[in-house]
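Participant: fold the stuff below for me.
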Amino acid sequence: MESISIFDMLKIGIGPSSSHTLGPWRAAERWIAEMKAAALFEEIEQVTAHVYGSLSLTGKGHATDYAIMLGLSGTDPVTIEPSDIQYVVQKIKDDQVLHFAGEKKLPFDPKSNIIFHRKFLPFHANGLKFEAILSSGKKKTKTYYSIGGGFVVTEARKNAKKKIEDFKLLPFPIQKGTELLSYCQKEQKTISEIVLENERSLRDDAKIDTEIRRIWETMLECMYIGCHTEGNLPGGLNVRRRAFDIHKNLMAGAASYDSPENWLQTIRKTEVKFRQILKWVSCFALSVNEVNASLGRVVTAPTNGSAGVIPAVLMYYMVIENHRADFEHIKKFLLVAGEIGSIFKKGATISAAMGGCQAEIGVSSAMAAGALTELLGGTPEQVLMAAEIAMEHHLGLTCDPIGGLVQIPCIERNSMGAIKAINAAELALGSDASEAKVPFDKVVQTMWETAKDMNAKYKETSTGGLAIGVFLSDC
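Facilitator: Next up, the predicted model:
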């Protein structure tokens, strides 16, 4: 049984897309490492990247070409300064030279060395093939698939017989919600406690806390930047950043602050009324995805396109529900959210190219709903009920980004997903979970069946829905 850590579900990276940006970036890094391991790196004289399917159809709008160049240049999405991205890419375009892996210079023209193919490869909608010409004249190629959330696989590896040493043996292996509930009942533990025990089999407590703090600090900084950045988003649609204006109005008359943490404390001291709650949650969600759309640093949750839902709902808890919330609350929230996301990944998909936006916003809303329910005192049964409710009301949601950009309708959908998550939590907390008509595992299965039935044009190809129903000139 495959083990998926919460740190697989919650990754730090660069926007705008985990499948179309982070995945290709990581694939390029992996290919370089494999060429070095095969003692072929020094023989490489030319490299070309071939992009297929959904990865190709919306690749330009999702900065897939940027990600490939950055990955081949040896930069890291976790550590690179977002402000350096344009410089690195522009220099490659101007000089037509790639500083390959940061170690050797190769001729490289993005127009001819990154080739976008409209056809789909049979294994997955997001295919990417790297091709190297060696000094001997031979060609070496390797194909990767970006399957959502920054996960990258090869077809051979996916189909290979899994060896026992490939995966850590977890004390509580979880494939389905029923298994998770069984462990909670048998051990008399909450979901976050069960998940924490699994994480402890992979790393020590100090490392777990350090990584969770990094994730939360990245989320908080992302919201802070989004709320304090004015203007239009890049890409040509001229979408105005709305978080700045909403935040400015909400913070009118508030005390001064000079850091993300001080900003958070200032917000927690303000009086918030019902309409303002909706505005605050929307502001938090919009801020993250506006940063994501401008190639900023975000946390996949479980993807870049849905990165705003979880931090927005967590902020709702800290700002509205519990002003005394501390790191332990943040930790529990992210442990529960990560586990719910992993069940969707194992039983269905978190890739919009495979399942439409239900696989991104729907999953993120389910993750946030379940996590919020535990923090509000819900039972494990109510946690999964909340996750089920949230997903149930995203079933069939299409992915049809206008212009191939992660902006319309993607940014607003994070706001809607966050509000639905809060509502789902409240519905679950007010219900007897033993009387739930739709089990959590059934909604996971239904989401996957819906994904398979969905027309391909609604799966992140920009060939249907709003993507063609609204002309760029109308924006």
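
Participant: for the stretch 1-150 of the chain, give me the ranges with low pLDDT.
Facilitator: Confidence mapping of the stretch 1-150 of the chain against pLDDT under 70 gives the ranges 1-2.

Participant: now the helices for it?
Facilitator: For the stretch 1-150 of the chain, helices defined by DSSP state H, counting those that start in this stretch occupy the ranges 6-9, 23-37, 54-57, 64-72, 82-95, 110-113.

Participant: rebuild those as a markdown table, extending it with mean neighbour count and distance to residue 337.
Facilitator: The C-beta positions use only the backbone N, C-alpha and C, and glycine is treated the same way. Shown next, in a markdown table, are the helices of the stretch 1-150 of the chain (neighbours: other Cβ atoms under 10 Å; distance: least, Cβ to Cβ, whole Å):
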| stretch | mean neighbour count | distance to residue 337 |
| --- | --- | --- |
| helix 6-9 | 22 | 8 |
| helix 23-37 | 22 | 21 |
| helix 54-57 | 27 | 26 |
| helix 64-72 | 26 | 25 |
| helix 82-95 | 14 | 25 |
| helix 110-113 | 14 | 37 |
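
Participant: and these as TSV, adding distance to residue 215?
Facilitator: As requested, these are exported to TSV (distance: least, Cβ to Cβ, whole Å):
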stretch	distance to residue 215
helix 6-9	8
helix 23-37	17
helix 54-57	26
helix 64-72	21
helix 82-95	17
helix 110-113	32
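
Participant: those helices: which one's closest to residue 333?
Facilitator: The closest of the helices of the stretch 1-150 of the chain to residue 333 is helix 6-9. By Cβ to Cβ, the value is 10.7 Å.

Participant: who's in contact with the closest one?
Facilitator: The contact list for helix 6-9 (Cβ atoms under 8 Å, 6 or more residues apart in numbering) reads 149, 151, 195, 199, 211, 215, 300-302, 334-335, 337-339, 341-342, 345.

Participant: what's the answer for stretch 402-411, then?
Facilitator: 15-17, 57-62, 233, 235-237, 239, 286, 289-290, 292-293, 304-305, 308, 357, 400-401, 462, 466-467, 470, 472, 475.

Participant: swap in stretch 63-78?
Facilitator: 12-17, 20-29, 32, 47, 49, 51, 55-56, 59, 80, 84-85, 88-89, 92, 98-103, 108, 110, 114, 128, 295.

Participant: phi first, then psi, for the residue nearest to residue 307 when sequence neighbours are not counted.
Facilitator: In space, and not counting its chain neighbours, residue 307 is closest to residue 298: 4.4 Å by Cβ to Cβ, 6 or more residues apart in numbering. With angles defined as degrees, to the nearest 10, residue 298 sits at phi -140, psi 180.

Participant: who's residue 298 bridged to?
Facilitator: residue 13 (DSSP bridges).

Participant: what about it, how many residues nearby?
Facilitator: 33 (other Cβ atoms under 10 Å).

Participant: what's residue 385 sitting at in phi/psi?
Facilitator: Here residue 385 shows phi and psi, under degrees, to the nearest 10, equal to phi -60, psi -40.

Participant: in this structure it contacts residue 431, no?
Facilitator: Yes: under the criterion of Cβ atoms under 8 Å, residue 385 makes contact with residue 431 at 6.5 Å.

Participant: so between these two, which is more surrounded?
Facilitator: residue 385 (30 against 16).

Participant: ok, now how distant is that one from residue 425?
Facilitator: 9 Å (Cβ to Cβ, to the nearest Å).

Participant: with residue 254 instead?
Facilitator: Using Cβ to Cβ, residue 254 is found at 28 Å from residue 425.

Participant: so between the two, which is more surrounded?
Facilitator: Neighbour comparison, residue 254 and residue 425: the larger count goes to residue 425, with 31 against 12 (by other Cβ under 10 Å).

Participant: residue 339 versus that one, what's the distance?
Facilitator: Separation of residue 425 from residue 339 (Cβ to Cβ): 16 Å.

Participant: which residues does the longest helix seen in the chain contact?
Facilitator: Criterion DSSP state H: the longest helix present in the chain is helix 205-227. With Cβ under 8 Å, 6+ apart as the test, helix 205-227 has contacts from 7, 10, 12, 196, 199-200, 203, 241, 243-244, 247, 260-261, 263-264, 283-284, 286-292, 296-299, 301, 307, 310-311, 314-315, 327, 330-331, 334.

Participant: over to stretch 353-360?
Facilitator: Here stretch 353-360 has contacts from 19, 53-55, 124-126, 147-148, 302-303, 305-306, 344, 348-352, 391, 394-399, 410, 413, 447-448, 450-451, 454, 458-461, using Cβ under 8 Å, 6+ apart.

Participant: whichever of the residues you listed end up buried, select them in PyMOL.
Facilitator: Typed into PyMOL, the line below selects the buried ones among the contacts of stretch 353-360, using 16 or more other Cβ atoms under 10 Å:
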select buried, resi 19+53+54+55+124+125+126+147+148+302+303+305+306+344+348+349+350+351+352+391+394+397+398+399+410+413+447+448+450+451+454+458+459+460+461
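
Participant: can you tell me which of the contacts of stretch 353-360 are in helices?
Facilitator: Reading helices off the contacts of stretch 353-360 with DSSP H, I get 54, 55, 344, 352, 391, 410, 413, 447, 448, 450, 451.
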